[in-house]
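Q: structure, please.
(chains A and B)
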Amino acid sequence: MYDWIVSHKISLGIWLKVCVDFLNTHAQPFFDFVSTVLSAMVQGLTDGLTAVPPLLLIGLFALGAYLLHRSIGLALFIVASLLLVVNLGYWEATIETLSLVIWSTAVCVLIGVPIGIMGAHRPMFYEAIRPLLDLMQTIPTFVYLIPTLVLFGLGTVPGIISTVIFALPAPIRLTQLGIASVPPSLREAALAYGATRTQMLFKVELPSAMPTILAGITQCIMLSLSMVVIAALVGADGLGKPVVRALNTVNIAMGFEAGLAIVVLAVILDRVCKRPAPRKRKAAR
Amino acid sequence: MTVVDQDMRTLSAAAVPAAAPTGAAPQDVARESAVALRDVDIAFGRNVKAALALSDEGKSRDEIRRRTDVLMGTFKVNLDVRPGEICVLMGLSGSGKSTVLRAINGLNKVARGAVLVRHRGEPVDVTRCRSATLRDVRLNTVSMVFQQFGLLPWRSVRDNVGFGLELRGVPAAERNRVVDEKLAMVGLDAWADKMVQELSGGMQQRVGLARAFATDADILLMDEPFSALDPLIRDKLQDDLLELQRRLNKTIVFVSHDLSEALKLGNRIAIMEGGHVVQYGTPSDIVLRPANAYVAEFVKHMNPLEVFDSGSVMTPAAALRRDGDAVLLDGSGEVRLRVDRSERPVSAQVRGREMPLGHVDGSGAGNSAGLVVAPVDLPLRAAIDLRLRSPYPIVFVDDLGRLAGLCDHTEIYRGLLQHP
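A: Numbers count the residues shown, from 1 in each chain, chains lettered A, B, ... in the order given. Next up is the predicted model:
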């Protein structure tokens, strides 16, 4: 029995390979197109940001953070930590990583929020995609790194695609949660005053779910950042590259410095994306 | 419109027994009504058909639920609400009062029957009309106030009040003009730019009221709007609502579980029990002639002074003794009232001496010297006050000035004891 089971191997892996090969030969123009667009977007943003003198850009970041949160402490922290990154010599890599994270997040939001909305409106659909979302988050990254590499070639693009696959479930889940937990009384009030479906979505559901959706986007940014090193394995530029190189050459100093830069970026993004302090409320109760 | 017309024809045909000469009368009633419900069954659940069949067999709510897993919200509810009237739906929780209310603007689906709402001058059956028509009804004709306010917490007071107009697509400038006007009406003009969360419960419900008034809808649905508020604030808002209603003359369908609120606000009250309307009538009808034990239990602890008008306790004119063209107002025949051919009081004699007639208005104000003549809808409280100051019984006349009845000590005591 055992021998029979062993000798009649089900060729799951082969089937997948056939699929990927099929896509690679017949849908190549499509993947090339996606690849060209994505890499142009990342490159464009990177070029734009590096064209600005680093010190000026740091100042702008700090100013933006201050305007958003009205916190001197945060602004000072941003200035100090980014100056450290410049000093360590990872400014350019940081910018590359930043633009990779921004575009991955943008793609995730663009795909994830509408899917989340649809999931909230159609519970059956959400039930159907839930196993897929679990799969996307649990399957080891390296496993889908290989087919993306085959389909999109080396470079930043397979990095972005892998990042999107990994980070996409967060905005989907949290958008679904946010919209599904809109208080029924608000829906009802809007309905009673004659809201159409579109009005319901944009005037009631999205505003009500916005805090949850923003939490999903923040989570998405953090997940994207955690993929930086893995993206570097398939040739994406950024802070992951020196880490990979340090790993290959057993360079403790370089690994630590590049890792520190990633942490700095993560902390800054997390603090900036945190919801601004809620406006004063319940004063007159 | 033709569709509705036909609906109405079949409806009126169904509503009138075969022996009745024409189906015209109920149709006219529906045409005059701002809201009319015709044999409305509402059911929650999947197997509605089976539940309705059981309901036709006269099975109870519990049995229907046990056998089909369908919860019957209402059974054959009929209701006519006249324009400009406050109709209060009253009952315990689970009696179906909110269910009926929410059928009027289509928030609840009706399993059977018709809900006619007067929209742009014509009755529209909201259970059968196209969804575009239903939306038009909600945008322009029917607005709603909710128990939990239903305000959007991320919006300012102004933007909440303007919500209905915004959904209708009214430009911002026009919207703000209306919003300012309605906010002034409910006394919140200074709060327009606050967030609703910053307001107290009573103020939030004022915002809810302003939002309902902002669309200039003729019909207002109010789902226990004051139940979540402190008693003092509730009382204040009830007074404000009555004051606004005097000016605006809306048609209001008001849900309440509180009899004193119902009696205070309602021109007519529908008492609901287990999905049935068990009695529909004026406040004094309900209190004086409760239709069954359930209603009687409700009204047992009522303060009759708050409810009765004199007409409901007086001895009617037909029951008074006559002597030629004179009506005898007391047992011994010493107080006599002469009436003309059309029954209008002309003069009075007390022990043979002429006595002037003192006419007062519906609140008891006016000349109360001599024999007092008052309109029949004079509140009982005012009648007692007048009787206290006058040595003679109070005479009541209807709105054409004809003798309607008489109120003396006996009638007052009976009224207070609720033994007509």
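Q: hmm, residue B:162 is touching residue B:210, no?
A: No. Using Cβ atoms under 8 Å, residue B:162 is not in contact with residue B:210, being 9.5 Å away. C-beta: built from backbone N, CA, C; applies to glycine.
Q: okay, and the common contacts of these two?
A: Common neighbours of residue B:162 and residue B:210, using Cβ atoms under 8 Å, 6 or more residues apart in numbering or on different chains, are residue B:179.
Q: low-confidence stretches in chain A?
A: A:276-285 (pLDDT under 70).
Q: for it, which helix is longest?
A: Ranked by residue count and defined by DSSP state H, the top helix of chain A is helix A:91-121.
Q: enumerate the positions of it that are buried.
A: Neighbour-count burial for helix A:91-121 flags A:91-105, A:107-109, A:112-113, A:115-121 (criterion: 16 or more other Cβ atoms under 10 Å in any protein chain shown).
Q: chain A contacts on the stretch 101-250 of chain B?
A: The stretch 101-250 of chain B has residues B:105, B:107, B:135-139, B:142-144, B:146, B:148, B:150-152, B:154-155, B:163-164, B:166-168, B:194-195, B:197-200, B:203, B:211, B:215, B:221 near chain A, with proximity defined as Cβ under 8 Å from any Cβ of the partner chain.
Q: the residues you listed, buried ones only, as a PyMOL selection?
A: Burial among these is assessed by 16+ other Cβ under 10 Å; the matching PyMOL selection reads:
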select buried, chain B and resi 105+107+135+136+137+138+139+142+143+144+146+148+150+151+152+154+155+163+164+166+167+168+194+195+197+198+199+203+211+215+221
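Q: pLDDT value on the residue of chain B positioned farthest from its centre, please?
A: Within chain B, residue B:352 marks the point farthest from the mean C-alpha position, 46.1 Å out by Cα atoms, centre = their mean. You'll see residue B:352 listed with a pLDDT of 83.
Q: residue A:46 and residue A:95 touch, don't they?
A: Yes. The pair residue A:46 and residue A:95 passes the contact test of Cβ under 8 Å, sitting 5.8 Å apart.
Q: by contact count, what packs against the helix or strand just after the longest helix of chain A?
A: Sequence order places helix A:123-138 as the next helix or strand after helix A:91-121, per DSSP states H and E. For helix A:123-138, the elements it packs on are helix A:91-121, helix A:156-167, helix A:169-180, judged by 3 or more Cβ pairs under 8 Å, 6 or more residues apart in numbering or on different chains; DSSP states H and E.
Q: give me the element whichever residue of the stretch 251-400 of chain B sits closest to chain A is part of.
A: Nearest to chain A in the stretch 251-400 of chain B, going by Cβ to the nearest Cβ, is residue B:253, at a distance of 12.8 Å. Secondary structure from DSSP H and E places residue B:253 in strand B:251-256.
Q: export that strand to CSV, keeping only CA atoms.
A: Listed next in CSV are the C-alpha coordinates belonging to strand B:251-256 (Å, rounded to 0.1, in the frame of the first residue of the first chain):
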residue,chain,number,x,y,z
THR,B,251,-48.8,64.7,9.8
ILE,B,252,-47.0,62.9,12.6
VAL,B,253,-47.0,59.2,13.3
PHE,B,254,-45.4,58.8,16.7
VAL,B,255,-44.4,55.6,18.4
SER,B,256,-44.4,55.5,22.2
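Q: how close does the most centrally placed residue in chain B get to residue A:38?
A: The geometric centre of chain B, computed from its C-alpha atoms, lies nearest to residue B:87 (Cα atoms, centre = their mean), at 2.3 Å. In this structure, residue B:87 and residue A:38 are 64 Å apart, going by Cβ to Cβ, to the nearest Å.
Q: same thing with residue B:310?
A: Distance from residue B:310 to residue A:38, by Cβ to Cβ: 85 Å.
Q: for residue B:385, which non-adjacent residue is closest in space?
A: With Cβ to Cβ, 6 or more residues apart in numbering or on different chains as the criterion, residue B:385 has its nearest non-adjacent residue at 6.2 Å, and that residue is residue B:364.
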